[in-house]
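Engineer: what's the 3D shape of this:
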Amino acid sequence: MRRWVLAFGLLWAGCTARQRADVLWLPGRDYDFGEVGQGVPVRTTFRFRNNMRDSLRVEVIRTTCGCTSYEWSGEAVAPGDTGEVVLEYDAFRPGGFRKRAMVFFYGIRRPEYLVIRGEVE
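Structural biologist: Numbers count the residues shown, from 1 in each chain. The predicted model follows:
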C-alpha cells in the first residue's frame, strides 16, 4: 500500500511540476515608476504571451481606484503570440502609491494581478 501511495505522489508531483502558466507576463507583473512629478500621469505597458492552445482574449480589467486607468486592444491573441495591457496612474496626490489591476481572461477563472508603484513628489 505504501508503494502505491508513494508512486501516486511522485506521479502527481511530476505532472504538476511540468504545468506551465496559461499567461506568461514579459518581463513581469510588477512595475516601479520610482519618483514621478505631481500631476503628470505615468503609464507603462505590460506584455503577455499566450501559452494556451487556443486564442486568448482579455475579458475585463478592474483596478483598485479611479486614479488608475487601463487600455487593451480587445483583439484575441493567438497561441504563442503576445498581447498588451497598458496601465496609467494620474499622479494627482503626493506620496507613495501602490495600485493593483486584476486582468480577467475569457476561459480562465483566476485573474492575473498587475501592480504599479512609485512616489509622487
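Engineer: what's the pLDDT at the closest residue to residue 56 other than its chain neighbours?
Structural biologist: Once flanking residues are discounted, residue 56 sits nearest to residue 50: 4.2 Å by Cβ to Cβ, 6 or more residues apart in numbering. For glycine as for every other residue, the C-beta is placed from the backbone atoms N, C-alpha and C. On the pLDDT scale, residue 50 is placed at 97.
Engineer: on the strand side of things, show who residue 50 bridges to.
Structural biologist: Beta bridges link residue 50 to residue 23 when assigned by DSSP bridges.
Engineer: any figure for the gap between it and residue 78?
Structural biologist: According to Cβ to Cβ, to the nearest Å, residue 50 stands 7 Å off from residue 78.
Engineer: who has more neighbours out of these two?
Structural biologist: Using other Cβ atoms under 10 Å, the more surrounded residue of residue 50 and residue 78 is residue 50, with 21 against 13.
Engineer: doesn't residue 82 make contact with the more buried one?
Structural biologist: Yes - the pair residue 50 / residue 82 is scored as a contact, 7.5 Å apart, by Cβ atoms under 8 Å.
Engineer: that'll do, ta.
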